[in-house]
Structure formats: structure tokens, C-alpha cells
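Q: what's the 3D shape of this:
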Amino acid sequence: MAGLPICPGTAKAAFRPKEPSPRRRSTFVSCWINRAGCRLAPPFSEHSTVAPTAISSRPLKAIYDVPAPAKLNLFLHITGRRPDGYHLLQSVFMLIDWCDTLHFELRTDGHISRADLGDPDHPVHSGKGAPDALPADDLTVRAAKALQAACGTSLGVHIGLEKRIPSQAGMGGGSSDAASCLLALQRLWGVSLPPEDLRAVALSLGADVPFFLSGGHAWVEGIGEKITPLTLPPARFVVVKPAAGLSTQGIFSAPGLKRDTETATIQGFAASANGPVFEFGHNDLQPVAQTMCPQIGQSLDWLSAQHLQGRMTGSGSAVFAQLLHDVDLPKLSEAPDDWKIRKCSNLDAHPLAGW
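A: Next up is the predicted model:
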């Protein structure tokens with residue numbers, strides 16, 4: 001469970017529907033997560049010759065094994081609601097080493113297509129089940145179309161997505177995929193939007209997407225667009241995703257949702273940063289989510305039985321607890337088979353920071 005690779009080198013050969021490109025991997029450079037943090041090497045195949053801090057004006061043929069990390073919300077307060085219905089929030093977003101992987105191949109016909117490569121670690125490979133299919137117009141496709149329109153490029157792309165981050169978990173998997181897609185496609189297509197324009201494209205895709213462009217952990221306010229970088233100490237967590245998921249829209253539209261939490265300050269959070277993460281704040285979405293999804297309460301009870309203090313991330317249904325010591329989980333065998341449980345570490349920075 002410990003120390004998950006974010007570029008595990010499991011890209012599927014020839015994921016393009018027709019005329020597949022050769023996938024020569026002999027000089028491939030991977031990036032990996034170790035327990036001390038993030039060690040980054042450019043996730044480029046030998047088709048790519050551009051340093052990750054520069055964008056060439058010439059299109060690339062392909063970019064493989066681009067990571068998209070998940071996030072945990074250390075707390076999430078709803079402080080109000082705008083006249084247009086958007087909720088105002090305060091939260092600390094923390095990147096962790098549970099990641100999706102994306103692959104990009106240039107199309108010169110302008111079309112945008114996507115292959116669902118599933119989860120290489122899913123039991124489907126042993127005949128025990130099948131991963132959930134991704135929607136045809138998921139956030140990666142929408143991100144590619146939005147960037148294509150914003151840049152006015154005639155180029156297209158075929159995207160391969162290895163989905164490991166659970167959906168409807170509150171872990172930002174779709175938003176992270178979209179952000180990594182925006183960053184990678186600028187290099188694939190040889191285009192470059194001004195940072196403020198790229199952030200505007202990101203915000204149009206979803207409130208969490210700009211965070212994943214910011215390069216690291218952050219204090220987030222407004223509807224998700226006000227981002228202040230944070231440095232957080234190394235930490236270990238156990239993350240539990242029960243089988244049931246939750247709709248973000250359903251949670252935020254619930255009549256019982258508390259929307260008037262007192263405004264907090266970064267200074268107040270920083271004062272608690274030397275102790276366990278749960279010494280600050282709470283998740284305003286959790287009471288409503290537990291009512292709508294009883295499995296959240298069951299997951300928290302499972303953590304509590306192991307003397308771990310759990311909290312929901314985002315709009316759920318995933319919950320997590322900080323591991324103050326690298327302990328075993330003795331009751332792991334008692335958890336339902338359809339729960340996803342992993343030990344994770346936070347990252348020093350986003351693997352694509354500087355892109």
C-alpha cells in the first residue's frame with residue numbers, strides 16, 4: 001500500500017483505434033513517488049525532445065505517462081452563497097500520491113478522441129470484475145476542446161486515460177485529469193496561453209481545476225479561484241473509498257447544508273500545522289453526505305475502530321485519516337471487498353510544477 005508509483009510504466013501499447021504509433025520504451029524516463037516526497041523526471045517518451053519548462057512552437061508527436069494526482073481537503077468550510085448560486089468556501093487542498101496517468105498522441109485532423117484504458121490494477125485483469133466506463137465527454141475531452149478553442153489551433157489529440165483515482169470520491173480526479181491535460185496539450189500542440197488565460201479556461205471547466213494548475217498545496221477561497229500556495233510538512237494518510245459514490249451537485253443543493261461558517265484565516269491554520277491535521281476546522285459537507293450515503297459513516301467507524309480519527313474529503317464519499325506512525329491496519333480484512341483502501345503520502349509539489 002505504501003509508496004505508490006505515479007508513472008508506473010503501464011501504458012497500453014497502440015491505444016489509438018487505427019494506425020497505432022510504435023511505443024518504444026527503451027529510453028523512457030519515468031517519475032516516481034517515494035516516501036520522502038516527489039522525485040520528478042520529465043514524463044516524456046523518446047518522441048519528445050522539449051524540456052518540461054519550455055514550450056516549443058513545433059508540435060510533438062506524443063507525450064506519454066503524464067501524472068494527475070488526487071487531492072485531500074484537510075478541512076472544507078462553506079462561508080456563504082453568491083446570488084448566482086455558487087457557494088463560497090475555504091479549504092486547504094493537499095496533493096497526494098494517488099494518481100491517474102494520461103497519454104497523448106497528436107492528431108493532425110483536428111479531432112479529439114479518448115480511450116478509456118481503465119485501471120491496470122483493477123481485478124478485471126484477473127477476471128473478477130470490470131472498471132466503470134468513463135463518460136464519452138468527460139473532463140479531459142472538455143479540457144482539450146476548451147484549449148483548442150482558446151488557442152485557435154487546428155490540431156487534435158487522442159487521449160488515453162488510465163483511471164486509478166476513484167470517481168465520486170471528493171478527491172478531484174476528474175479535475176486533476178483536466179489540469180494535466182491542459183498542461184500537456186500546450187506542449188503537444190506547441191501553443192502557449194498566458195497564465196491568466198489558462199486559469200480562466202481551467203475555471204470554466206470546474207472550481208477545482210485551477211488548483212491543480214497551481215503547482216502545490218494551497219489555501220483555497222471564493223468558488224475555488226482564489227489560491228494561496230502553502231508549504232505543508234510530510235504526512236502519511238490512509239484513504240478509504242466506499243463502494244457508494246456521491247454527486248457533488250446533490251450535496252451542494254441539499255437544504256440541510258450549513259452555509260454560514262465563520263471565516264477562517266491562514267494564520268489560524270498555520271498555528272495548528274505542527275500537530276495532526278484535524279486540529280483545525282471541519283468539513284461542512286460531511287453531515288449532509290453521511291445522511292445521503294450511510295457508507296461514509298461505516299468507513300469512519302472502520303477508521304475509528306483502529307484508533308484513527310477520520311474525516312471526509314471534498315463532497316465525499318472518500319474519507320481519510322492521518323497516520324502519525326507507519327502502522328499496520330489490523331482490521332483491513334474486515335473491510336468490505338468493494339472498498340478501496342490505500343496508504344498515501346502528501347507530495348512536495350505537483351509532478352508537473354513548472355509546466
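Q: please report phi then psi for Pro287.
A: Here is the backbone geometry of Pro287 (degrees, to the nearest 10): phi -60, psi -40.
Q: pretty sure it contacts Gly256?
A: Yes: assessed by Cβ atoms under 8 Å, Pro287 is found in contact with Gly256 at 7.5 Å. Backbone N, C-alpha and C define where each C-beta goes, glycine included.
Q: neighbour count winner among these two?
A: Higher neighbour count among Pro287 and Gly256: Pro287, with 15 against 8, using other Cβ atoms under 10 Å.
Q: look up how far Leu257 lies from the more buried one.
A: Pro287 sits 8 Å away from Leu257, going by Cβ to Cβ, to the nearest Å.
Q: same check on Ser113?
A: According to Cβ to Cβ, Ser113 stands 38 Å off from Leu257.
Q: what is the mean pLDDT for the helix or strand where Arg342 lies?
A: Taking DSSP states H and E as the definition, Arg342 sits inside strand 340-345. Mean pLDDT, computed over strand 340-345, is 95.
Q: list the pairing partners of that strand within its sheet, with orientation.
A: When pairs are called by DSSP bridges, strand 340-345 turns out to pair with strand 236-241 (antiparallel).
Q: which helix or strand contains the residue nearest the centre of the chain?
A: Nearest to the geometric centre of the chain sits Ala70, at 2.9 Å (Cα atoms, centre = their mean). Following DSSP H and E, one finds Ala70 within strand 62-81.
Q: buried stuff in that strand?
A: Across strand 62-81, burial judged by 16 or more other Cβ atoms under 10 Å covers 62-79.
Q: so Gly170 sits in a helix?
A: No: counting by DSSP: H, G, I helix; E, B strand; the rest coil, one finds Gly170 to be coil, located in no helix.
Q: can you get me a residue count around the closest residue to it other than its chain neighbours?
A: Distances taken as Cβ to Cβ, 6 or more residues apart in numbering put Gly314 closest to Gly170, at 2.7 Å, once the chain neighbours are dropped. Look at Gly314: counted by other Cβ under 10 Å, it has 27 neighbours.
Q: quick check: which helices or strands does the strand holding Ala70 pack against?
A: strand 87-107, helix 173-189, helix 209-213 (3 or more Cβ pairs under 8 Å, 6 or more residues apart in numbering; DSSP states H and E).
Q: in stretch 333-348, what counts as buried?
A: For stretch 333-348, a neighbour-count test (16+ other Cβ under 10 Å) marks 335, 339-348 as buried.
Q: and that stretch, how far apart are its ends?
A: In stretch 333-348, first residue to last residue: 32 Å (Cα to Cα, to the nearest Å).
Q: and what of stretch 182-196?
A: Stretch 182-196 end-to-end distance (Cα to Cα) = 13 Å.
Q: show me how far it is from its chain's centre.
A: Stretch 182-196 sits 19 Å away from the centroid of its parent chain (Cα atoms, centre = their mean, to the nearest Å).
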